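S.K.: with the input below, show me the fold.
(one chain, ligands or ions: 1)
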Amino acid sequence: MSTKPNSIEARDIAYHLHPYTNARKHQQVGPLVIESGEGVYVTDNNGKRYIEGMAGLWSVGLGFGEKRLVDAATRQMTKLPFYHTFTHKSHGPAVELAEKLVTMAPVPMSKAFFTNSGSEANDTAMKLIWYRSNALGQPERKKIISRMRAYHGVTIASASLTGLPNNHRSFDLPLQGILHTASPHHWRDAQPGESEEAFATRLAGELEALILAEGPETIAAFFGEPVMGAGGVVVPPRTYWAKIQAVLNKYDILLVADEVICGFGRTGSMFGCQTYDIKPDIMVMSKQLSSSYLPISALMANDRVLDPILDESDRIGTLGHGFTAGGHPVAAAVALETIKIIEERNLVAHAAEMGELLREGLRRLESHPLVGEVRGVGLIAAIELVVDKAAKTALEAPGALGGLFNAELQEQGIICRNMGDAVALCPPLIIQPNEVRSILDKFASALDTVSRKIFDGATEKVA
Ligand code: PMP
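M.R.: Below is the predicted model:
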């Protein structure tokens, strides 16, 4: 880090409070300042280039230099830089994007509603679900089931849906009435000898037991990411989604698929729902929707959800919900162009192909003493690091091994992210085979470097 008093690093430390950062540690270590990007690469302010192995925050599907998105934004900014959609107003980009999303939905959906972040979209989904229960004359049907290790955002409602301790601790969350059932991580949580199918049956049984204990008439909805992202890339075991959906259908519980990471090609299909044959009532999307060039998110809902809501808005006189910038015309124009490019360039099939290459390479690392599990689907993957393969344990301090490995990767020019001791990979959809190979080479050498540090007696320093 530069120590110059007026450097960007020094000013960052002085003035900038960072999300998901240890604020005191930040005063010591300072920021990594990224200055520019092109393709799958970003460059810092010292001229060092990195492969962005996480597409930013699982989000820059088209990479960092897509001129067509810039042009789409410029055109719309010039024509109509802002308009809203409150009180019967509308504009072309919002209508076109709503139509596009509803048309491309993998299951029948009837309308789209626009928000600005994944958190806002999930928050909105929850509010609409409560509104619907009241509309149906079922005011007791308000509880929501989410899962441990789920990530649905950070607003008061969506952080409550999120099933990670650091999103609840000291925030007085989760809200009452939001329940968390087990996460579907076979490698970590299956009993000895339990097959993926048997594990999935057990989890569906646990879900049903929870519903019965709470009273099925009090449960409104189940939220789930097709593949859990920020919880550590948890790929569901075989038959999981079929069994979960059978339970939800039995008790007439709505299903919300949070496609914020999975949507638009990440899992090797356009939507995660297609990869796992999920039939949601509500779909939530963001991130790759605009390749994150501008903030935008959306939810789509089917008639089963919307009919009572439309009637309730008529009874009350308005649907009293909406964000100033929801469906922002410039962001919507960028989203439309993003989807157009994904379709034109067959990036879903390309991502599936690059994902194969990536997972094949990662699987070759499975015999390394530090690798406990390699998991993934499409172009999203993780390796779980351990020091004891049989016990599936890492260093004494949770996340220390993952942090060490992640830091070594960054040193070698790969930006990844460790969630505890799982290190995730979620590169832009446009990645090319030589860039995948480059990531794999760096993973192999970083594993060796870290393993020398661990097994040559430096453990206590990092634990
Ligand atoms: N849902 C999922 C599945 C996510 O991964 C995220 C962000 N990582 C969110 C919701 C929240 O999105 P945002 O950060 O835009 O609020």
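S.K.: ok, Glu384 - contacts?
M.R.: By C-beta atoms under 8 Å, 6 or more residues apart in numbering, the contact list for Glu384 reads 187-188, 232, 371-375, 421-422. Just so you know, the C-beta spots here come from the backbone N, C-alpha and C atoms, and that holds for glycine as well.
S.K.: low-confidence ranges, the stretch 201-350 of the chain, go.
M.R.: Along the stretch 201-350 of the chain, the model assigns pLDDT under 70 to no residue.
S.K.: for the ligand, give me its nearest residue in it.
M.R.: At 3.5 Å from the ligand, Val260 is the closest residue in the stretch 201-350 of the chain, using C-beta to the nearest ligand atom.
S.K.: ok, the chain next?
M.R.: Proximity of the chain to the ligand (C-beta to the nearest ligand atom) peaks at Gly118, 2.3 Å away.
S.K.: thought that residue was touching Gln288?
M.R.: No: using C-beta atoms under 8 Å, Gly118 is not in contact with Gln288; the gap is 11.1 Å.
S.K.: mutual contacts of the two, please.
M.R.: What both Gly118 and Gln288 touch, as defined by C-beta under 8 Å, 6+ apart, is an empty set.
S.K.: please identify the buried residues of stretch 175-194?
M.R.: Neighbour-count burial for stretch 175-194 flags 178-187, 189-190 (criterion: 16 or more other C-beta atoms under 10 Å).
S.K.: so which residues on the chain come close to the ligand?
M.R.: Counting by C-beta under 6 Å from any ligand atom, the residues of the chain close to the ligand are 57-58, 117-119, 122, 151-153, 225, 229-230, 258, 260-261, 286.
S.K.: now do the buried residues in stretch 83-101.
M.R.: Buried residues in stretch 83-101 (16+ other C-beta under 10 Å): 84-85, 91, 93-94, 97-98, 100-101.
S.K.: oops, could you answer that again for stretch 232-244 instead?
M.R.: Buried residues in stretch 232-244, defined by neighbour count with 16+ other C-beta under 10 Å: 232-237, 239-241, 243-244.
S.K.: quick check: the farthest pair among the buried residues of stretch 175-194?
M.R.: Farthest apart among those by C-beta to C-beta are Ile178 and Trp187. That separation is 26.7 Å.
S.K.: rewinding a little: nearest to Leu401 among the buried residues of stretch 232-244?
M.R.: Of all the buried residues of stretch 232-244, Gly232 has the smallest distance to Leu401: 13.5 Å, by C-beta to C-beta.
S.K.: kindly state the beta-bridge partners for the nearest residue to Gly177 once chain neighbours are set aside.
M.R.: Spatially, and ignoring its direct neighbours in sequence, Gly177 is nearest to Lys143 (4.7 Å; C-beta to C-beta, 6 or more residues apart in numbering). Here Lys143 sits in beta bridges with Ile219, going by DSSP bridges.
S.K.: measure Lys143 to Ile431 for me?
M.R.: 41 Å (C-beta to C-beta, to the nearest Å).
S.K.: per-residue confidence averaged over stretch 153-171?
M.R.: For stretch 153-171, mean pLDDT rounds to 98.
S.K.: who touches that stretch?
M.R.: Applying C-beta under 8 Å, 6+ apart, the external contacts of stretch 153-171 come out as 117-123, 126-127, 144, 146-152, 173-175, 178, 180, 183, 223, 230-231.
S.K.: return the subset of the residues you listed lying in helices.
M.R.: Here DSSP state H is the test, and the contacts of stretch 153-171 give 118-123, 126-127 as lying in helices.
S.K.: pLDDT and neighbour count added to these, as CSV?
M.R.: Shown next, in CSV, are the ones in helices among the contacts of stretch 153-171 (pLDDT from 0 to 100; neighbours: other C-beta atoms under 10 Å):
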residue, pLDDT, neighbour count
Gly118, 98, 28
Ser119, 98, 23
Glu120, 98, 23
Ala121, 98, 31
Asn122, 98, 32
Asp123, 98, 25
Met126, 98, 25
Lys127, 98, 14
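S.K.: closest one of those residues to Gly272?
M.R.: Gly272 lies nearest to Gly118 out of the ones in helices among the contacts of stretch 153-171, by C-beta to C-beta, at 13.8 Å.
S.K.: quick one: contacts for that closest one?
M.R.: Gly118 is in contact with 152-153, 158, 258, 260, 284, 286-287, 297, counting by C-beta under 8 Å, 6+ apart.
S.K.: before we move on, what about Arg75?
M.R.: Ala333.
S.K.: quick revisit: list only buried entries from the contacts of Glu384.
M.R.: Among these, the ones that count as buried by 16+ other C-beta under 10 Å are 187, 232, 371-375, 421-422.
S.K.: how about a markdown table for those residues, with secondary structure added?
M.R.: As requested, the buried ones among the contacts of Glu384 are exported to a markdown table (DSSP: H, G, I helix; E, B strand; the rest coil):
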| residue | secondary structure |
| --- | --- |
| Trp187 | helix |
| Gly232 | coil |
| Val371 | strand |
| Gly372 | strand |
| Glu373 | strand |
| Val374 | strand |
| Arg375 | strand |
| Asp421 | coil |
| Ala422 | strand |
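S.K.: of all the residues you listed, which two lie farthest apart?
M.R.: In those, two members sit farther apart than any others by C-beta to C-beta. They are Gly232 and Val371, at 14.5 Å.
S.K.: pull the residues that contact stretch 394-414.
M.R.: Among residues not part of stretch 394-414, those counted as contacts by C-beta under 8 Å, 6+ apart are 32, 48-51, 53, 370, 385-387, 415-423, 439, 442-443, 445-447, 449-450, 453-454, 459, 462-463.
S.K.: buried ones among those?
M.R.: Buried members of these, counted by 16+ other C-beta under 10 Å: 50-51, 53, 370, 385-387, 415-423, 439, 442-443, 446-447, 449-450, 453-454.
S.K.: would you check that Ile129 makes contact with Ala220?
M.R.: Yes: the pair Ile129 / Ala220 is scored as a contact, 5.0 Å apart, by C-beta under 8 Å.
S.K.: who touches both of those two?
M.R.: Jointly contacting Ile129 and Ala220 under the rule C-beta under 8 Å, 6+ apart are 144, 254.
S.K.: show me what the helix or strand harbouring Pro93 is packed up against.
M.R.: Element membership for Pro93 (DSSP states H and E) is helix 92-104. Helix 92-104 is packed against strand 111-115, strand 297-301, helix 329-344, with contacts defined by 3 or more C-beta pairs under 8 Å, 6 or more residues apart in numbering; DSSP states H and E.
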